[in-house]
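Asks: just need the structure, nothing else, for what follows:
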Amino acid sequence: MQHVRRERLTSSWAPDRNLDRGTTTVDGSPVAAQLVPETARPRRSHDGYRHEAFLWRSDEEFLAGTVPFVQEGVEAGQPVMVAVVPRRIDLLRDAVGAAAAGVEFVDMEQLGANPARIIPAWRQFTDEHTEAGRAVRGIGEPIWDGRRASELVECQLHEALLNMALEVDTPLWLLCPYDASALPEAVVAEAHRSHPVVVDGRVHRGSTAYGGAHHVAMIFEADLPAGDAPAGHQPFGPDELMAVRTVVHSRAASAGLTTDQAADLALAVHEVAVNCVEHGGGRGELRIWQDDGALVVEVRDSGRIVDPMVGRRLPAWDEDGGRGLWLANQLCDLVQIRSGAAGTTVRIHAWL
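Replies: The predicted structure is shown next:
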């Protein structure tokens, strides 16, 4: 799979089908009929970008908030993409019955394994379906109980970045489910800061804690949590770039990564190191350590990145910079980028 990823750096999802409403049961009760009665469901629509957090605490609450959202979109002829964990794919597919044949279901555990790949998927979905002025809907669950701490941090940055990832007139209505019964209170509180609107049960309101672009800047400019990095580091410049690649490949192999994983990691770090030399002051520092079931490679330089979307948007061919960080996100399990007045840190994780 890794060697395929090196050759094919983007994925595509492009179904465009109409749906018919269906029903199924949860604990023996007809979901579509019980939770979404025809006479009680007002038609909601949108002509711009909407990004909402949806807090739920049981399967019934999850379906009560997502089934009508999908059905209303289908009835309005809007393409719908649902990217959630597999168990909730099955739950929602059963709840909408025959209508599920036309919904684009995406396994978020696969798509969002590296959270930096999620925004490109939403951008591709909207680009494919909104050119003719059609509105679209999405359900995206990047945060679920059980994610690693480092993944969770990046998911929270991702959720904040979603507010600037699309133009305000893009007709995408994006609903982000949060299992408030299982996730820590701090994670739910962060959802209020990263979403302009929060839906809690049947209550739909603007978030008084929403941080907007200022919140993005706070996360992107903050230091990453200290890891178990050794005190020493390896400085490098233009003449040591191949040595950096060799060292990383050797450490990856000795840590137990597969041949393809080691090659991907070494290539990604090499590209980041090249960025350091070309855009980060001419030199950088390399650190490598093992932490929390991962081989971690960190590259630092004295330059500053001003675009927090870097690595999440494929640069144009004539654009100067950014391609190496995009490549790293396609090749590696997790890439963390932070940049501020003190310089830039890129931390790459390869799961062991």
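
Asks: contacts and neighbour counts: CA atoms only from here.
Replies: OK.

Asks: how many neighbouring residues does the spatially closest residue to A100 that is not a sequence neighbour have?
Replies: Closest residue in space to A100, ignoring its immediate chain neighbours: R93 at 5.2 Å, by Cα to Cα, 6 or more residues apart in numbering. Residues near R93, counting by other Cα atoms under 10 Å, number 21.

Asks: could you do A316 as well?
Replies: Neighbours around A316, by other Cα under 10 Å: 10.

Asks: for it, phi and psi?
Replies: The phi and psi values for A316, taken as degrees, to the nearest 10, are phi -70, psi 160.

Asks: and it, what does it touch?
Replies: Listed by Cα atoms under 8 Å, 6 or more residues apart in numbering, A316 has no contact partners.

Asks: V244 and H270 touch, don't they?
Replies: Yes. The pair V244 / H270 is scored as a contact, 6.7 Å apart, by Cα atoms under 8 Å.

Asks: the residue nearest to A100 in helix, strand or coil?
Replies: Following DSSP: H, G, I helix; E, B strand; the rest coil, R93 is assigned to helix.

Asks: all the strands of the protein, residue numbers only.
Replies: 25-26, 29-30, 50-56, 80-84, 104-107, 136-140, 172-179, 197-200, 203-206, 234-236, 284-291, 294-301, 334-340, 343-351 (DSSP state E).

Asks: dump those to CSV, plus distance to L157 and mean neighbour count.
Replies: Listed next are the strands of the chain as CSV, based on distance: least, Cα to Cα, whole Å; neighbours: other Cα atoms under 10 Å:
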stretch, distance to L157, mean neighbour count
strand 25-26, 34, 14
strand 29-30, 38, 14
strand 50-56, 14, 23
strand 80-84, 18, 26
strand 104-107, 20, 19
strand 136-140, 15, 24
strand 172-179, 14, 23
strand 197-200, 17, 21
strand 203-206, 20, 12
strand 234-236, 29, 16
strand 284-291, 21, 19
strand 294-301, 19, 22
strand 334-340, 10, 23
strand 343-351, 15, 21
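
Asks: just put those strands in JSON lines and tack on mean pLDDT.
Replies: Below are these laid out as JSON lines (pLDDT from 0 to 100):
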{"stretch": "strand 25-26", "mean pLDDT": "34"}
{"stretch": "strand 29-30", "mean pLDDT": "36"}
{"stretch": "strand 50-56", "mean pLDDT": "98"}
{"stretch": "strand 80-84", "mean pLDDT": "98"}
{"stretch": "strand 104-107", "mean pLDDT": "97"}
{"stretch": "strand 136-140", "mean pLDDT": "97"}
{"stretch": "strand 172-179", "mean pLDDT": "98"}
{"stretch": "strand 197-200", "mean pLDDT": "96"}
{"stretch": "strand 203-206", "mean pLDDT": "92"}
{"stretch": "strand 234-236", "mean pLDDT": "95"}
{"stretch": "strand 284-291", "mean pLDDT": "94"}
{"stretch": "strand 294-301", "mean pLDDT": "96"}
{"stretch": "strand 334-340", "mean pLDDT": "98"}
{"stretch": "strand 343-351", "mean pLDDT": "97"}
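
Asks: picking up where we left off before, next one, pLDDT for the residue nearest to A100 please.
Replies: According to the prediction, R93 has pLDDT 94.

Asks: now stretch 312-328: mean pLDDT?
Replies: The pLDDT scores in stretch 312-328 average 82.

Asks: in the protein, which residue is closest to the centre?
Replies: P115 (3.1 Å; Cα atoms, centre = their mean).

Asks: how about the contacts made by the residue nearest to that residue when sequence neighbours are not counted?
Replies: Residue nearest to P115 in three dimensions, not counting chain neighbours: C155, with 5.7 Å by Cα to Cα, 6+ apart. The contact partners of C155, by Cα under 8 Å, 6+ apart, come to P115, P142, I143.

Asks: burial count for the second one?
Replies: Here the neighbour count serves as a burial measure; for P142 (other Cα under 10 Å) it reads 27.

Asks: and the longest helix along the chain, what's buried?
Replies: Of all the segments assigned as helix in the chain under DSSP state H, the longest by residue count is helix 259-279. Neighbour counts over helix 259-279 (16 or more other Cα atoms under 10 Å) mark 260-277, 279 as buried.
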